[in-house]
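In: need the 3D shape of this:
(chains A and B)
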Amino acid sequence: MAPELHAEAGPAGSSPWRLAFRRLRRNRVALAFGGLLILIVLFVLAAPLWAKHVADTGPNETHTLEKIEVDGERREVVNVEGRPIGPVWLGAGGKYFLGADGRLGRDEMVRLMYGGRASLFIGFSAALIATLLATILALLAGYYRGWVDAVISRTLDVIWAFPVYLLGIALGIALALGGLKLGPLEIPSGSIWITVLIIGGIYVPYMARPLRGAVLSLREKEFVEAAVAQGAGPLRVMFRELLPNLASTIIVFFTLAVANAMLLEAGLSFLGVGVQPPDTSWGAMVGDGFDLLSSAPLLTILPGSLIFLTVLSVNVFGDGLRDALDPRSKVRLEAHAGLAEPEGTAV
Amino acid sequence: MSKLGLKLLVLGAVFASACGVAACGDSDSKEGGTLTGSYASFPDYLDPGLSYTLEGWTAMYNTYLPLLTYAHANGEAGGKVVPALAEDLPEITNGGQTYTLQLRKGLKYSDGSAVKASDFPSSIERLFKLNSPGSGFYEGIVGAEKFAETKTGGIPGIKANDKTGEIVIDLTAPRGTFSNELGMLFAALLPADTPTKNLTSDPPPATGPYEIVKSEPGRSWSYQRNPVWAKNNGPLIPDLEAGNYDKIAITVVRNDSTQVNEIEQDQTDWMQTPPPADLYAEVKDKYEGTQFRIERPTNLYYFWMDTTRPPFDDVKVRQAVNHAIDSAALERIYAGALSATHQILPEGMPGHETFNLYPHDMAKAKELLAEANPSDTEVTVWTDNESPNDEAGAYYHSVLRKLGLDAKLKTINADVYIPTIGNVSTPDLDTGWINWYPDYPNPSNYFQPLLDGEGITPTNNINFARIDEPQLNEKITRLSEEPLGPEQEAEYAELDREFMELAPWAPYGTFTVSTFVDSEINLDSVIFNPTFGHDLTSFEPK
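Out: Numbers count the residues shown, from 1 in each chain, chains lettered A, B, ... in the order given. The predicted model follows:
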């Protein structure tokens, strides 16, 4: 099993996964960004605690006419001209730490934390859905080939033919009003799951096509022939022989899909067809802050920076993971660019 | 423009504005020179038979004249119907069913051809042939409904005599607002051979002081003085000003911050739309009284409640909502561009008498809700996605939750918002945001379309509250048949109070607009007509 992962010789008795972990540990940049990603996840997970114990307000509660005491001075959350209060840091005991989000006077810090939960949830869930569907379709198409492959591949080609954002916008607008009804599956309009399914569905072909190629290649290997000769059925071959050999590729694709899904979510929400008000996400917050760009630029810069940092950490960590799980890919890449040492010296 | 479209255009707008700034020099805004202006988007049409937006009406106010028009004046005075191509106001006979007008003799179009009385019926027929959104205003003319279906044979209810210039219009029923409707741009006279198609890119000849000489849809259009105005039409219509500029050039600048910037740098004389919300206060502080002025049109912004379904079928719940809403908060949400009101007829509309039955009082609101004790507290709040309407909807949603209702917010694209909430089969149409810009300054234009139970339709319904009170319906119908006078105005004021006691809406304000001109224009001379907007003939250099 897993002949592809035995390519690099390691200490006797080390499993490929352990070898990969060792390689990952040596990649300090990837680990640093992995740590940053964990910090971001912890930051957004702490949203209810911050909202309840520090800010004393929910993410959607409006405070347009309220006043707060900042360092002993009474200040309006939104002034008579409709300008929101800026960051007060700890001047009001943590309330309005990053100021108010706009003319509705909602706490920007609370919105940022809850918005991050939505962005990360959508990023990971959509990537998971895309990965699951893409893997199943790739296994079916690559194993059965023939008409099964033709039907699956052409269907994926149809989705592939649409530009990602246009398809996302079209589906987002179409499903914004009536929700989604697919047999027993019924999702009301405005649900975050609509965005998850749209993004997950859009990215299926982008993962399924290369995975199908990998399956087609693996299917010709001796260990598959051996399994078939031993009487293994299609399901066993697909899920016990082929799937484990795709694991490293799938993991790497998954991390890249998380980053792409987060970016697409941000784009769709910025355009108003992703996460629906009064809920928010970082992309939606960039869109909301856009109207106040000249007077309150932080409302756009903060969520935009968090999207940037999260996507960057997911990508760098994903790259590190790829190098660890499949070191030859890095060598191949560098050799192509004329940078590589002879195979075996890399990593 | 929708929020989505606006954002998609940002990069393009930045590029275009950069090119625009580079290409623009100082405007030639001396008397006799060129008046320059900017619009945030191109008007819906530059065809008087088709345009149904303030942007289009502003653009054509001084180009295409109807038999009657609205006085070129600010505020309430601008709501007065005055003769334009007709010699006088109509003679109304036959119990309010016959209108007789006399066309001024010797009028010409800008191409030199004579204006004939028969151009009036052909212009009205053109509306029906084009399926114009304005055709409905003239369906009360005898035979018009049949013509709308067949589009042949003419409208027998209009008799025009080219020799005498007499025009006689017979209505199927008395219609107190018909003089207002004769003053709408839809009724502007065009030559009888005007093609029955959208003429935005090649506008027809004009009768007013200016003619449109070039139109590039989506980009710009420009005017020059109507060659027949000074010697011919102008002396015949002495009440209309000739204007102070030989040319007017309007450009579409989609980025409203760029529009402000160009005015501040005296590169453009005037912008049609108000400054953007985040610059509004700054512009107001810096230029009010010298280059900036707030105008109060007669629109109304309100939240409607479906009176036919729980919990809003209970008047106490609706009254509770009215008490719970704080207009002061909404004034801030609209960045100071909202003037609070708590009744149906806004200030400036005939029949308006200020009152407030529901001052903000959350405790009283909760008390009323407790008294009502509704069995169903789940409500869906509808709003569109254009700022600040989306924020008003989010505020309303938050207020209903504070009040104790289980409110959910539904924000949908502005392009489909009104058809969606106007379709009674749309599920969960409980309550939501809406605004109303009257077609003309007559209180009937509020009550009849918006609150008459007989006007409720399965689709394109605009009685969003679905209120149907037979006694009040009858009063609305009777008043709509009578010409507006002091007696009718008093009755409309009473009707306003009667409806607000039933609280089908929670009105919260009038959205003000503004006049913002560069330092070379005399702000005091600029007229903002409540129906047509800025009067381009009123602009004059300092």
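In: quick one: which helix or strand includes residue B:346?
Out: In this assignment (DSSP states H and E), residue B:346 forms part of neither any helix nor any strand.
In: shouldn't it be in contact with residue B:298?
Out: Yes: in this structure, residue B:346 is within contact of residue B:298 by C-beta atoms under 8 Å, at 5.1 Å. (Each C-beta comes from the backbone N, C-alpha and C, glycine too.)
In: give me the common contacts of those two.
Out: residue B:510 (C-beta atoms under 8 Å, 6 or more residues apart in numbering or on different chains).
In: of those two, who's got more company?
Out: The neighbour comparison of residue B:346 against residue B:298 (other C-beta atoms under 10 Å in any protein chain shown) goes to residue B:298, with 26 against 22.
In: ramachandran angles for the more buried one?
Out: Here is the backbone geometry of residue B:298 (degrees, to the nearest 10): phi -100, psi 50.
In: OK, contacts around it?
Out: B:79, B:346-349, B:438, B:441, B:510, B:530.
In: show the buried residues in those residues.
Out: B:79, B:346, B:348-349, B:438, B:441, B:510, B:530 (16 or more other C-beta atoms under 10 Å in any protein chain shown).
In: could you list which of these belong to strands?
Out: Using DSSP state E, residue B:510 are the members of the buried ones among the contacts of residue B:298 that sit in strands.
In: can you tell me which of the buried ones among the contacts of residue B:298 is nearest chain A?
Out: Using C-beta to the nearest C-beta, residue B:510 comes nearest to chain A of these, at 16.5 Å.
In: relative to residue B:319, how far out is the closest one?
Out: Counting by C-beta to C-beta, to the nearest Å, the gap from residue B:510 to residue B:319 is 22 Å.
In: excluding chain neighbours, what is closest to residue B:466?
Out: residue B:308 (4.8 Å; C-beta to C-beta, 6 or more residues apart in numbering or on different chains).
In: ok, residue A:214 - contacts?
Out: A:138, A:142, A:246, A:249.
In: could those go into TSV alongside neighbour count and pLDDT?
Out: Below are these laid out as TSV (neighbours: other C-beta atoms under 10 Å in any protein chain shown; pLDDT from 0 to 100):
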residue	neighbour count	pLDDT
A:138	31	97
A:142	25	95
A:246	19	92
A:249	20	90
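In: between these, which is nearest chain B?
Out: Nearest member of those to chain B, counting by C-beta to the nearest C-beta, is residue A:138, at 34.4 Å.
In: doesn't the closest one belong to a strand?
Out: No: Residue A:138 is assigned helix when assessed by DSSP: H, G, I helix; E, B strand; the rest coil, not a strand.
In: now do the buried residues in the longest helix seen in chain B.
Out: Longest helix in chain B by number of residues (criterion: DSSP state H): helix B:486-502. Residues of helix B:486-502 classed as buried under the neighbour-count rule (16+ other C-beta under 10 Å) are B:488-489, B:491-493, B:495-496, B:499-500, B:502.
In: likewise for stretch B:55-73?
Out: B:55-73.
In: quick one: mean pLDDT for it?
Out: The pLDDT scores in stretch B:55-73 average 97.
In: report the distance from that stretch to the chain centre.
Out: How far stretch B:55-73 lies from its chain's middle: 13 Å, per C-alpha atoms, centre = their mean, to the nearest Å.
In: what does the longest helix of chain B rub up against?
Out: Residues contacting helix B:486-502 (C-beta under 8 Å, 6+ apart): B:176, B:307, B:315, B:318, B:342-345, B:350-353, B:355, B:357-358, B:443-444, B:447, B:451, B:467, B:469, B:472, B:475-476, B:479, B:482, B:505, B:507.
In: out of these, which touch chain A?
Out: Restricting those to those touching chain A (C-beta under 8 Å from any C-beta of the partner chain) yields no residues.
In: what is the most widely separated pair among the contacts of residue A:214?
Out: Maximum pairwise distance in those, criterion C-beta to C-beta, is 12.4 Å, between A:142 and A:249.
In: which residues do those two both contact?
Out: A:211, A:214.
In: hmm, back to that, kindly indicate which of the contacts of residue B:298 lies nearest residue A:304.
Out: Lowest distance from residue A:304 to those (C-beta to C-beta) belongs to residue B:510, with 35.9 Å.
In: let's verify the residue nearest the centre of chain A: helix, strand, or coil?
Out: Note on chain A: the residue nearest the mean C-alpha position is residue A:258, at 2.2 Å, using C-alpha atoms, centre = their mean. With three-state DSSP as the basis, residue A:258 sits in helix.
In: once you drop chain neighbours, what's closest to the closest residue to chain A within the stretch 51-200 of chain B?
Out: Nearest residue of the stretch 51-200 of chain B to chain A: residue B:55, at 20.9 Å (C-beta to the nearest C-beta). Closest residue to residue B:55 apart from its sequence neighbours, by C-beta to C-beta, 6+ apart: residue B:43 at 4.2 Å.
In: for residue B:77, same thing?
Out: residue B:71 (5.8 Å).
In: surely residue A:43 meets residue A:114?
Out: No: with contact defined as C-beta under 8 Å, residue A:43 and residue A:114 do not form a contacting pair (11.2 Å).
In: if you count what's nearby, which of these two comes out ahead?
Out: Using other C-beta under 10 Å as the criterion, residue A:43 and residue A:114 rank with residue A:114 on top: 23 against 16.
In: interface residues of chain A facing chain B?
Out: A:60-62, A:64-65, A:78-83, A:102-104, A:169, A:173, A:176-177, A:189-190, A:270-273, A:276-278, A:287, A:290-296.
In: quick check, central residue of chain B?
Out: residue B:437 (4.5 Å).
In: residue contacts, it?
Out: Residue B:437 neighbours (C-beta under 8 Å, 6+ apart): B:54, B:297, B:299.
In: next one, pLDDT for it please.
Out: 93.
In: try the one 4 residues further on
Out: Among the per-residue scores, residue B:441 shows a pLDDT of 93.
In: show me what contacts the nearest residue to it once chain neighbours are set aside?
Out: Sequence neighbours aside, residue B:79 is the residue nearest to residue B:441 in space, at 3.3 Å (criterion: C-beta to C-beta, 6+ apart). Applying C-beta under 8 Å, 6+ apart to residue B:79 gives the contacts B:70-71, B:298, B:348, B:350, B:440-441, B:530-531.
In: list only buried entries from the residues of chain A next to chain B.
Out: Buried members of these, scored by 16+ other C-beta under 10 Å, are A:60-62, A:64, A:78, A:81-83, A:102-104, A:169, A:173, A:176, A:189-190, A:270-273, A:276-278, A:287, A:290-293, A:295-296.
In: could you pull out the buried residues of stretch B:206-221?
Out: Buried residues in stretch B:206-221, counted by 16+ other C-beta under 10 Å: B:206-212, B:215, B:220-221.
In: for the residues you listed, which one is nearest chain A?
Out: Using C-beta to the nearest C-beta, those come closest to chain A at residue B:220, 26.0 Å.
In: backbone phi and psi for the closest one, please?
Out: Here is the backbone geometry of residue B:220 (degrees, to the nearest 10): phi -160, psi 170.
In: picking that back up, make a markdown table out of the buried residues of helix B:486-502 and add pLDDT.
Out: Shown next, in a markdown table, are those (pLDDT from 0 to 100):
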| residue | pLDDT |
| --- | --- |
| B:488 | 96 |
| B:489 | 96 |
| B:491 | 98 |
| B:492 | 98 |
| B:493 | 98 |
| B:495 | 98 |
| B:496 | 98 |
| B:499 | 98 |
| B:500 | 98 |
| B:502 | 98 |
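In: looking at those, which one is closest to chain A?
Out: residue B:500 (23.6 Å).
In: shaky segments in the stretch 351-500 of chain B?
Out: In the prediction, the stretch 351-500 of chain B carries no residues with pLDDT under 70.
In: could you report the distance from the nearest residue to residue B:358 once chain neighbours are set aside to chain A?
Out: In this structure, residue B:358 finds its nearest non-sequential neighbour in residue B:322, 3.6 Å apart by C-beta to C-beta, 6+ apart. According to C-beta to the nearest C-beta, to the nearest Å, residue B:322 and chain A sit 17 Å apart.
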